[in-house]
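S.K.: what's the 3D shape of this:
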Amino acid sequence: MPIRATSEPETDAARVRAESHQPSYTAAVGGLPTIHPPARLPPLLRRFRFLPVLGLVAYPLLVHAGLSNHGPRLAALLVLILLTPAILTRFRGQRRSASSLLAAIPSITATALFLAAVLDAADLLLFLPTLINASLLVVFGLTLRGRTRTPMIESFARLVEPDLSPEKQRWCRWWTWIWSAFFAVNATVAAILAASASLAFWTVYNGGVAYVVMGCLFATEYLLRRHRFGPTGGRQRSPP
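M.R.: Take a look at the predicted model:
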């Protein structure tokens, strides 16, 4: 049967269409969930893509305002509305990675917020940072079980650089341990504050201190990686 040739030039649009049919890179995680490149958002969700980040950052402030003035129900509903784009995006991505443990975290968050709104329960709002950090600890920690599994940080790194050297793989494993330790400590501190501290102190830690520590971790890893592997991370630049 003759093969029909095509004379269509490889335009940018054609290249995008071709790449959209290519299977996405999947790191070997030994049976654990894999990390896929994020799916292209629909236009409506793309328009509100910053709301989830805003909701997470402003969550302690919204809880503080809600519990101080209007009660937990209003605070839970506000955060739930802000997180809706992230939840819908995650459900859309589950068609690629239905077993991903990471996909369960927005669902857990939404469920807790829904219950807090229905029950008008302040405790659910205060312990939500603990629940999220504990979930992340489980997700990251499971990828460290055994040498045949790919650490979570390595899975993220392979989205940018599929072929990692053994030295970079060790680096990613080490930083997966560091982030797991952070999630464990952060979950513990958040639980103690939710159970015994004042609302103001809880807000300062979860809405300020925790994010500062996370920023320091990101900055430290970035600077150390540049020092160890160079500005390009050891990757070869493509010829012009």
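
S.K.: alpha carbons only for contacts and neighbour counts from here, please
M.R.: Noted.

S.K.: how about low-confidence regions in the protein?
M.R.: 1-55, 86-101, 103, 232-240 (pLDDT under 70).

S.K.: Repeat the analysis, applying 80 as the threshold.
M.R.: Scanning the chain with the threshold set as pLDDT under 80 gives 1-58, 82-107, 147-148, 231-240.

S.K.: For it, give the helix that spans the most residues.
M.R.: When the chain is parsed with DSSP state H, its longest helix is helix 166-196.

S.K.: Next, the buried residues of that one.
M.R.: Going by neighbour count (16 or more other CA atoms under 10 Å), the buried part of helix 166-196 is 168-169, 171-177, 179-180, 182-191, 193-194.

S.K.: Equivalent analysis for stretch 117-131, please.
M.R.: Neighbour counts over stretch 117-131 (16+ other CA under 10 Å) mark Ala117, Asp120, Ala121, Ala122, Leu124, Leu125, Leu126, Phe127, Leu128, Pro129, Thr130, Leu131 as buried.

S.K.: how about it as PDB, C-alpha atoms only?
M.R.: Provided in PDB are the C-alpha atoms of stretch 117-131 (Å, rounded to 0.1, in the frame of the first residue of the first chain):
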ATOM      1  CA  ALA A 117     -18.900  24.800  56.000                       C
ATOM      2  CA  VAL A 118     -21.700  22.300  56.600                       C
ATOM      3  CA  LEU A 119     -20.800  21.700  60.300                       C
ATOM      4  CA  ASP A 120     -19.700  25.300  60.900                       C
ATOM      5  CA  ALA A 121     -16.600  23.700  62.500                       C
ATOM      6  CA  ALA A 122     -13.700  25.900  63.400                       C
ATOM      7  CA  ASP A 123     -11.500  22.900  64.300                       C
ATOM      8  CA  LEU A 124     -11.500  21.600  60.700                       C
ATOM      9  CA  LEU A 125     -10.300  24.900  59.500                       C
ATOM     10  CA  LEU A 126      -7.500  25.200  62.100                       C
ATOM     11  CA  PHE A 127      -6.300  21.600  61.500                       C
ATOM     12  CA  LEU A 128      -6.400  21.800  57.700                       C
ATOM     13  CA  PRO A 129      -2.700  23.000  57.400                       C
ATOM     14  CA  THR A 130      -1.800  19.900  59.400                       C
ATOM     15  CA  LEU A 131      -3.800  17.700  57.200                       C
END
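
S.K.: What lies in contact with it?
M.R.: Contact with stretch 117-131 is made by 63, 67, 71-77, 109, 112-113, 115-116, 186-188, 190-191, 194, 206, as judged by CA atoms under 8 Å, 6 or more residues apart in numbering.

S.K.: Likewise for stretch 169-185?
M.R.: 133-134, 136-137, 140-141, 144, 151-154, 157, 221.

S.K.: redo that, cut-off 6 Å
M.R.: Asn133, Leu137, Pro151, Ile153, Glu154 (CA atoms under 6 Å, 6 or more residues apart in numbering).

S.K.: Which elements pack onto the helix or strand containing the last one?
M.R.: Secondary structure assignment for Glu154, by DSSP states H and E: helix 152-160. In terms of contacts (3 or more CA pairs under 6 Å, 6 or more residues apart in numbering; DSSP states H and E), helix 152-160 is packed against helix 166-196.
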